[in-house]
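Novice: got a structure for you, letters missing:
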């Protein structure tokens, strides 16, 4: 069977019980542009797309990752392949598609139970992206997911869909979709969920400037500044009001299609070339990668 192509990580949807507090964090701290919405959700831009992050009323553990398919012709084959492999899947109704600003969507889960939406034709904005603060954000880089069943998750990402394993640190697995080193990272964990939402910024200076900005405002920094050994991207990870982890990243290396995956030992240096260590988030420690 031909694997289903993935274009990009399109958006994330985050449940919240503190809508306005999280909305202020998204604009005043993250530096995203808020998009007007009349359906009780809060939408935010980071680039030319109509939205990249959506806050929706609900439990903070209700998290969804949207992935773009090339066009509608892939929806049928994707649904058949998911059902054949035993993954739950259904077609989104018209209201669900309207809320997501897409033409069509399939709603499914990976092997760990992380909610995934496969969408076509996500809306672009006709207006220039105008950030709420000068954080240097240029787009949504990708996401990190907790994996409670790495084998089954890899059958989802690389068996049904065409994501490729780029590198591993212990069992931490970097998945490639395009010319960048990775767009999705799977971290072994005891529970499901989005571990980290990465926002690409213009320069290393932007990462370091935000480090001082966050520190001065007593925003909890959980990891970094650091530099991923495998991808070579600088990162700064910090915590939002309800425990969601965001990161500013820059400098991820580009890779070709014929580069073989590398296996790094599960050591602190393999996770961060600068030696930054995380003690609060178990999945970001070297012990969790074994």
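Specialist: Yes, it's here. Keep in mind that what you see is a predicted model, and the values were worked out from it rather than measured.

Novice: what's the longest strand anywhere in the chain packed up against?
Specialist: The single longest strand within the chain, with elements called by DSSP state E, is strand 137-147. In terms of contacts (3 or more Cβ pairs under 8 Å, 6 or more residues apart in numbering; DSSP states H and E), strand 137-147 is packed against strand 8-16, strand 184-188, strand 193-201. For glycine as for every other residue, the C-beta is placed from the backbone atoms N, C-alpha and C.

Novice: Would you format those as JSON lines with mean pLDDT included?
Specialist: Shown next, in JSON lines, are those (pLDDT from 0 to 100):
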{"stretch": "strand 8-16", "mean pLDDT": "97"}
{"stretch": "strand 184-188", "mean pLDDT": "97"}
{"stretch": "strand 193-201", "mean pLDDT": "97"}
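
Novice: Nearest to residue 263, out of these?
Specialist: strand 184-188 (14.7 Å; Cβ to Cβ).

Novice: can you list contacts of the closest one?
Specialist: Residues from elsewhere that reach strand 184-188 (Cβ atoms under 8 Å, 6 or more residues apart in numbering): 9, 142-147, 150, 153-154, 157, 163, 170-175, 177, 195-196, 283-284, 288-289.

Novice: Got a PyMOL select line for the buried ones in those residues?
Specialist: Buried members of these, defined by 16 or more other Cβ atoms under 10 Å, are picked up in PyMOL with:
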select buried, resi 9+142+143+144+145+146+147+150+153+154+157+163+170+172+173+174+175+177+195+196+283+284+288+289
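
Novice: Could you list the domains of this protein?
Specialist: 8-120, 137-289 (automatic domain parsing).

Novice: I'd like to know how far residue 236 sits from residue 272.
Specialist: Using Cβ to Cβ, to the nearest Å, we find residue 236 at a distance of 12 Å from residue 272.

Novice: joint contacts of the two?
Specialist: 223-224, 226.

Novice: what's residue 49 in contact with, if anything?
Specialist: The neighbours of residue 49, taking Cβ under 8 Å, 6+ apart as the test, are 10-11, 122-125.

Novice: repeat that for 7 Å
Specialist: Residue 49 is in contact with 122, 124-125, counting by Cβ atoms under 7 Å, 6 or more residues apart in numbering.

Novice: hey, what's it bridged with?
Specialist: residue 124 (DSSP bridges).

Novice: distance of it from residue 235?
Specialist: 22 Å.

Novice: Kindly report the same for residue 262.
Specialist: 19 Å.

Novice: With neighbour numbers in mind, choose between those two.
Specialist: Neighbours per residue (other Cβ atoms under 10 Å) separate residue 262 from residue 235, with residue 235 holding more: 24 against 14.

Novice: can I assume the more buried one is in contact with residue 226?
Specialist: Yes - using Cβ atoms under 7 Å, residue 235 is in contact with residue 226, at 5.6 Å.

Novice: what about the nearest residue to residue 102 once chain neighbours are set aside, which SS state?
Specialist: Leaving out its chain neighbours, the residue that sits closest to residue 102 by Cβ to Cβ, 6 or more residues apart in numbering is residue 119, at 4.0 Å. Classification of residue 119 by DSSP: H, G, I helix; E, B strand; the rest coil places it in strand.

Novice: Measure how buried residue 119 is and give me the count.
Specialist: Neighbours around residue 119, by other Cβ under 10 Å: 23.

Novice: Double-check it against residue 66; I have them as touching.
Specialist: Yes - look at residue 119 against residue 66 with Cβ under 7 Å: they come within range, at 5.4 Å.

Novice: what's the overlap in contacts for the two?
Specialist: Contacts common to residue 119 and residue 66, judged by Cβ under 7 Å, 6+ apart, are 10, 100.

Novice: now the closest residue to residue 266 other than its chain neighbours: how far from residue 125?
Specialist: Once flanking residues are discounted, residue 266 sits nearest to residue 170: 2.9 Å by Cβ to Cβ, 6+ apart. From residue 170 across to residue 125, the span is 40 Å (Cβ to Cβ).

Novice: Helices of the protein, start to end?
Specialist: Using DSSP state H, the helices assigned to the chain run over residues 19-24, 75-84, 94-100, 150-154, 204-216, 268-271.

Novice: Check which helices and strands the second one sits against.
Specialist: Right, the one you point to is helix 75-84. strand 89-91, strand 104-109 (3 or more Cβ pairs under 7 Å, 6 or more residues apart in numbering; DSSP states H and E).

Novice: State the mean pLDDT of the longest one.
Specialist: Right, strand 104-109. Average pLDDT, strand 104-109: 98.
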